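Colleague: got a predicted structure plus its sequence, pasted below:
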Amino acid sequence: MSSSEYWRIKRETARYYDKIAKIYDMLYRYEQNLKINEILKNFGIKSGGIILDIGCGSGLLFEYIADSSGLIVGADISIGVLRRAKNLVRRRKLRTVDLVRADADFLPFKDHVFDRVFAITMLQNMPNPKLTLKEILRVTKESSEIIITGLKKAFTREIFSRMLAESGLFFILADTGDEVKCHIALCWRGGGLSAPAKNINNRTMEIIS
């Protein structure tokens, strides 16, 4: 992909979400809430720590996790949806949430800062998803858990799995029904041919690598 095409996609994505910001919740709230509920049902949420929500949109995730988190940083490339998120933070008095306008491929954070990262319904908007995943790994701690979703109409299950593995991630895929439009993966640093099983919500699950 050429540099001009890369940045064209970025600009179009930002403009699109700026344009629909006022109706973002009307368009996506139901679908996003389904994904968030599936994430919490399958993987839960650790208490405390610093959480990054990349592509946070209007902040729909915040209300689900604010009470169990030490600090939540919401980042998005669209100033329009960030304004909606800011309104939500003020209205709900979510004092543990900070917002920043940022490109997911060039995050304005030091290395190894975050204890958990959510990237929900974002990868299909990125010109080079593997570059995005590399940047996510840069800002996460060695022990961090990363929740990543991939839109089913953009990625087959096989392509989504291969992309995660080639980015050096171990992962567990949640089993989602047809109503949930994304593949959902719990990921952490790894890669290679094998890994131990991981205990999630008192269930031992085999790791995919």
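Modeller: That came in fine, so what should we check first? Numbers count the residues shown, from 1 in each chain.

Colleague: all contacts plus neighbour counts: C-alpha atoms, from now on.
Modeller: Will do.

Colleague: who does the residue nearest to the spatial centre of the chain form a beta bridge with?
Modeller: Geometric centre of the chain, nearest residue: residue 119, 0.7 Å, by C-alpha atoms, centre = their mean. For residue 119, the beta-bridge partners under DSSP bridges are residue 54, residue 148.

Colleague: surely it touches residue 57?
Modeller: No: if you go by C-alpha atoms under 8 Å, residue 119 and residue 57 don't touch, sitting 10.7 Å apart.

Colleague: mind giving me the packing neighbours of the lengthiest helix in the chain?
Modeller: Counting by DSSP state H, the longest helix found in the chain is helix 24-43. With contacts taken as 3 or more C-alpha pairs under 8 Å, 6 or more residues apart in numbering; DSSP states H and E, helix 24-43 sits against strand 182-189.

Colleague: sheet-wise, list the partners of the strand it packs on with their directions.
Modeller: Strand pairing for strand 182-189, determined by DSSP bridges: strand 140-151 (antiparallel), strand 169-173 (antiparallel).

Colleague: model confidence over the longest one, on average?
Modeller: What that stands for is strand 140-151. Averaged over strand 140-151, pLDDT sits at 94.

Colleague: quick one: buried residues of stretch 167-187?
Modeller: Residues of stretch 167-187 classed as buried by neighbour count (16 or more other C-alpha atoms under 10 Å): 167-173, 180-187.

Colleague: so where's the protein uncertain?
Modeller: 190-209 (pLDDT under 70).

Colleague: and the helices in it, which stretches?
Modeller: 3-20, 24-43, 62-65, 79-92, 129-139, 157-166.

Colleague: rewinding a little: show me the two of the buried residues of stretch 167-187 that sit farthest apart.
Modeller: Within the buried residues of stretch 167-187, 168 and 180 form the most distant pair, 25.8 Å apart (C-alpha to C-alpha).

Colleague: contact partners for residue 14?
Modeller: 77, 78, 79 (C-alpha atoms under 8 Å, 6 or more residues apart in numbering).

Colleague: the second one: how many residues sit nearby?
Modeller: What it means is residue 78. Look at residue 78: counted by other C-alpha atoms under 10 Å, it has 24 neighbours.
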